[in-house]
Structure formats: C-alpha cells, structure tokens
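Participant: Structure for this input, please:
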Amino acid sequence: MIASSLLSNVVPVLKKDDTCAQALGWMDLFRVSHLPVLEGETYVGLLSDEIMYTHGSIHDTIGMLDIPREMTFVYEDVHMYDVIGVASSRLLSVVPVLNRKEVYQGSILLTDILHNIDKLLCIDDPGGIIVLEVNKIDYSLAEVAQIVEYNEAKVLSCYVTCMPDSNKVEITLKVNTARIEPILDTFIRYRYVIKNTFVSGEDINEEMRDRYGQLLKFMEM
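Facilitator: Model prediction:
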C-alpha cells in the first residue's frame with residue numbers, strides 16, 4: 001500500500017496571497033490543522049494553524065509567514081509505513097504527497113491513514129488477537145508463524161513493538177480463529193510470555209488468563 005493509493009480528493013490547497021483568515025476558515029471547514037501551500041504546481045510547504053496564531057494577525061497573507069517544508073511531505077511511491085512515520089513524528093493532520101519531480105500530487109488525511117490501517121492489520125476480519133513477549137535475541141517470525149499454523153490457523157497480520165530500555169519485544173498477532181486456546185498452549189510450551197489476548201474485541205475469560213499465567217510460572221520453575 002503506497003502513498004499514491006491513499007490520496008484524498010477533498011483537501012484544498014493554499015496560495016501565498018491567501019490570507020490567514022481564509023486559511024483558518026478552510027481548516028475549520030475540513031477539520032484539519034494543516035494545509036499545503038502551492039506556488040503553481042510547486043510545493044512551498046505545510047501551513048499549520050499554530051503558525052498563524054503565533055503570527056498574530058489573521059489579515060496578513062500567508063506569504064508573509066515562515067512555512068516549513070522539510071519533513072512535511074512524502075513521495076508518491078513510498079510505503080504507507082513512511083506516511084505514518086511522517087504524520088506521527090510531526091503530528092500532522094494532513095500529509096502532502098509529491099512525485100519524484102517534486103510536483104504536488106495531492107494530500108492524505110489522517111482519517112485516510114486510520115481507515116487503511118484497518119485493512120493493513122485485518123482488523124475487521126473475525127479471529128483472535130494474541131500479544132506475546134519474548135527476548136529480542138529469541139524472536140523468530142518463522143517460529144511464531146509455525147506455531148500458529150501447527151494449530152491449523154493462519155496469521156492474518158503481525159507487528160512487533162520494541163520495548164524501551166529492555167531486551168524484549170512485544171509481538172501482536174491477529175489470527176483467523178477465535179479458538180486460540182490451543183495456540184496459547186503451544187506458545188507457552190515454547191516459553192513465550194502471553195501478555196494479553198482478545199477475541200472479537202473482548203478480553204478472554206479472566207479465569208482462563210489466570211490458568212495460563214499459572215501454567216507459565218510452573219514451566220519457568
């Protein structure tokens with residue numbers, strides 16, 4: 001899933017001779033806090049409401065403002081992960097997209113990103129979610145998938161979170177079955193820590209979680 005496939009057709013663009021009042025009006029209408037500024041087809045930068053409020057006069061043109069450009073856009077052929085990275089690092093509500101000739105192609109709304117994360121992680125597919133913890137040095141995606149498939153299930157999506165100041169990682173799996181107990185049994189036998197589980201958006205029975213916790217402690221003795 002690349003940036004060009006996420007473009008929204010509703011994001012307006014600003015020109016340097018637009019006033020701050022006009023820009024704020026568009027932002028309010030589209031419920032965003034950023035809008036791209038163009039000069040012809042050339043991308044000038046990304047204007048935020050914070051910059052205009054700091055400037056102080058809403059009657060001045062936006063050409064009078066210092067509009068940041070660096071790290072405010074992505075190229076059309078980058079992966080969705082790069083789009084998420086730019087939006088997250090700069091707290092952007094809109095991510096402009098350029099082609100490799102630096103020509104503006106359109107913008108991606110934060111809501112577009114969230115909608116496509118659903119598809120990326122197979123959130124709407126029925127099944128269970130398993131959150132594991134393991135030492136970084138022991139992490140093997142092949143082994144994780146093999147354990148799931150050993151129990152006649154499939155991994156629909158997977159992402160890994162590196163835990164700060166720790167030698168451990170969290171592995172979040174979405175599997176295509178709600179019957180996850182046999183999978184949990186196998187992970188425990190392989191000495192994985194089961195941090196959390198969900199089925200159809202609900203926590204599994206607390207008694208079952210306690211049972212697996214007790215079994216894990218027994219295995220570690």
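
Participant: Spatially central, which residue of this structure would that be?
Facilitator: Geometric centre of the chain, nearest residue: Ile84, 5.2 Å, by C-alpha atoms, centre = their mean.

Participant: So Arg100 sits against Tyr75, correct?
Facilitator: Yes - judged on C-beta atoms under 8 Å, Arg100 makes contact with Tyr75 at a distance of 6.1 Å. Backbone N, C-alpha and C define where each C-beta goes, glycine included.

Participant: ok, those two, which is more surrounded?
Facilitator: Tyr75 (15 against 8; other C-beta atoms under 10 Å).

Participant: so where do the helices sit in the protein?
Facilitator: 20-30, 49-55, 80-90, 110-120, 141-150, 181-189, 206-220 (DSSP state H).

Participant: May I see the buried residues of the third one?
Facilitator: The reference is to helix 80-90. Within helix 80-90, the residues scored as buried using 16 or more other C-beta atoms under 10 Å are 80, 83-84, 86-87.

Participant: now do the fifth one
Facilitator: Neighbour counts using 16+ other C-beta under 10 Å place 144, 147-148 of helix 141-150 among the buried residues.

Participant: how close does the residue nearest to the centre of the chain sit to Asp112?
Facilitator: Between Ile84 and Asp112 the distance is 11 Å, computed by C-beta to C-beta, to the nearest Å.

Participant: Give me the domain ranges for this structure.
Facilitator: Domain ranges of the chain: 3-118, 128-220, per automatic domain parsing.

Participant: Now tabulate the ones you listed in TSV and tack on mean pLDDT.
Facilitator: Putting the domains of the chain into TSV (pLDDT from 0 to 100) gives the following:
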stretch	mean pLDDT
domain 3-118	93
domain 128-220	83
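
Participant: what's the closest of the helices of the chain to Val169?
Facilitator: helix 141-150 (10.9 Å; C-beta to C-beta).

Participant: other SSEs contacting the closest one?
Facilitator: If you count contacts as 3 or more C-beta pairs under 8 Å, 6 or more residues apart in numbering; DSSP states H and E, helix 141-150 packs onto strand 155-162, strand 168-175, helix 181-189.
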